[in-house]
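Enquirer: build me a model:
(chains A, B, C and D, ligands or ions: 4)
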Protein chains: 2
Amino acid sequence: MLTTAFSPHDHSHCITTAINHAQDLCADRSVRLTPVRQRVLELVWHSHQPIGAYELLASLAKEGFNSAPPTVYRALEFLSEQGLLHKLESINAYVGCCNPDTPHQGHFLLCQACNQAQELDSQYITLALKHSAEQHGFEIQSHTIEIVGTCQGCLDKSKAVEYKI
Amino acid sequence: MLTTAFSPHDHSHCITTAINHAQDLCADRSVRLTPVRQRVLELVWHSHQPIGAYELLASLAKEGFNSAPPTVYRALEFLSEQGLLHKLESINAYVGCCNPDTPHQGHFLLCQACNQAQELDSQYITLALKHSAEQHGFEIQSHTIEIVGTCQGCLDKSKAVEYKI
DNA sequence: CATGTTATGTTATGTTATAACAATCGTCAA
DNA sequence: TTGACGATTGTTATAACATAACATAACATG
Ligand SMILES: [Zn+2]
Ligand SMILES: [Zn+2]
Ligand SMILES: [Zn+2]
Ligand SMILES: [Zn+2]
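Expert: Ligands and ions are numbered 1, 2, ... in the order given. Here you go, the predicted structure:
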């Protein structure tokens, strides 16, 4: 998995890739990527900053979609079931998944400076979790791994500011 | 760190240890473990099942404490700042910390069968997180590690049931 | 086109958490 | 002793996040 979120990149490419991917994947699975579902996915992919349900709802309302909470929560539920996005539990916000083909739960780096999230799928972390769980005779079903800190880009920026003083 | 939560044990010992520890620690730090703060801590320690803020509030109300939400959230904030408890983000619930002397964020095993939580402090996990973060030039400030599954005891019980069929 | 299933609309409510300001308590020096 | 200050608590209101329940509409299929 590449670290795209924290590096400068052509984000419109992220969006179109994600939407195309979602369309193909839903077609393959014979599930319906309805207009509101697709629009929510597009809105989630507006950037690599996780977005809250009510912010999504406000955008939908502006665009003439139905704007009651169940609308967006149903769309989020569908997209989550299809592995097209993840919820970040520590901030109650949602972020697109770059690798929705195989069911997984990611590990997330959240930058507190730029508010962007990057999904990882580190074998080190997965194995460490497995190992710890096994030591306790614990059988893992799911997990929430959210790491808050500062990304490379924001660290570089703050250093640049420091030196100019 | 021992796995006490998932094993049969004298839980009154957990409670008294936690409260005594909290009293000493607050005295050392010259912060005030006021009645409502201590009572919230006791209620959090009622068992190894994480407890929600509004459930705490209901208990406080029954006991004649003030019962508006800020009361319990302030107590939780204080206790959290002092490292006496942790919030489990994935379930919006709070659990006592067995090792409040040194600031840390734990790794939690949550059993979906018995609803108990066990805090770990696995060096494997910590190192894996560090390693992954470093690979991305990411500087860690805090983290949320919550592993949901089935604990040894509950696995044993379900196997016992299986064999009796 | 009738039927069952899936998706959406609608209203209301449940759950979790904080803002803002007033009143009280504890501490400590004048 | 008092009065000034910061810390704590009381109180009211509201923000933010999420779901229940039931009605209606759209879609697929025979
Ligand atoms: Zn991008
Ligand atoms: Zn993912
Ligand atoms: Zn115990
Ligand atoms: Zn702890």
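
Enquirer: and the residue lying closest to A:L127 once chain neighbours are set aside, how far from A:T4?
Expert: Sequence neighbours aside, B:A128 is the residue nearest to A:L127 in space, at 7.3 Å (criterion: Cβ to Cβ, 6 or more residues apart in numbering or on different chains). Where C-beta positions appear, they are placed from N, C-alpha and C, glycine not excepted. To A:T4, B:A128 is 22 Å away according to Cβ to Cβ, to the nearest Å.

Enquirer: and these two? Which one has more around it.
Expert: More crowded of B:A128 and A:T4, by other Cβ atoms under 10 Å in any protein chain shown: B:A128, with 23 against 17.

Enquirer: residue contacts, the more buried one?
Expert: By Cβ atoms under 8 Å, 6 or more residues apart in numbering or on different chains, B:A128 lies in contact with A:122, A:124-125, A:127-128.

Enquirer: near whichever residue of chain A sits closest to ligand 4, how many other residues are there?
Expert: Distances between chain A and ligand 4 by Cβ to the ion are smallest at A:S132, namely 14.9 Å. Neighbourhood size, A:S132 [other Cβ under 10 Å]: 22.

Enquirer: B:C151 is in contact with A:Q141, correct?
Expert: No: using Cβ atoms under 8 Å, A:Q141 is not in contact with B:C151, being 11.3 Å away.

Enquirer: if I look at the closest residue to ligand 3 within chain A, how far off is B:L109?
Expert: Nearest to ligand 3 in chain A, going by Cβ to the ion, is A:H136, at a distance of 15.2 Å. Per Cβ to Cβ, A:H136 is found 6 Å from B:L109.

Enquirer: who's more crowded, those two?
Expert: B:L109 (27 against 19).

Enquirer: is stretch A:9-28 in proximity to ligand 1?
Expert: Yes: for stretch A:9-28 and ligand 1, the contact criterion (Cβ under 5 Å from the ion) is met by A:11, A:14.

Enquirer: and A:A75, that one's in a strand?
Expert: No: judged by DSSP: H, G, I helix; E, B strand; the rest coil, A:A75 forms no part of a strand; its state is helix.

Enquirer: tell me who's in contact with it.
Expert: A:36-37, A:40-41.

Enquirer: please, which helix or strand holds A:T71?
Expert: Applying DSSP states H and E as the criterion places A:T71 in helix A:69-81.

Enquirer: distance between the next helix or strand after that helix and the chain's centre?
Expert: Tracing the chain past helix A:69-81, the next element assigned as helix or strand by DSSP H and E is strand A:85-88. Put simply, strand A:85-88 sits 5 Å off its chain's centre (Cα atoms, centre = their mean, to the nearest Å).

Enquirer: longest strand of chain A?
Expert: strand A:139-150 (DSSP state E).

Enquirer: so which elements touch it?
Expert: Identification of packing neighbours for strand A:139-150 by 3 or more Cβ pairs under 8 Å, 6 or more residues apart in numbering or on different chains; DSSP states H and E yields strand A:107-111, helix A:123-135, helix B:123-135, strand B:139-150.

Enquirer: do it and ligand 2 meet at all?
Expert: No: contact of strand A:139-150 with ligand 2 (Cβ under 5 Å from the ion) is absent, the minimum separation being 11.5 Å.

Enquirer: what's the angle from that strand to helix A:123-135?
Expert: Between strand A:139-150 and helix A:123-135, the angle comes out at 140 degrees (axes from the mean of the first three to the mean of the last three Cα atoms, to 10 degrees).

Enquirer: whichever helix or strand comes after strand A:139-150 vs strand A:139-150, what angle?
Expert: Downstream of strand A:139-150, the first helix or strand assigned by DSSP H and E is helix A:152-164. Helix A:152-164 and strand A:139-150 are oriented at 30 degrees to each other (the same axes, to 10 degrees).

Enquirer: how many residues are close by A:T150?
Expert: Using other Cβ under 10 Å: A:T150 sits among 22 other residues.

Enquirer: same question but for A:H143, I mixed them up
Expert: 22.

Enquirer: and what of the one 3 residues further on?
Expert: When counting by other Cβ under 10 Å, one arrives at 22 neighbours for A:E146.

Enquirer: which residues sit in contact with it?
Expert: A:88-91, A:107-108, A:110, B:89, B:143-144.
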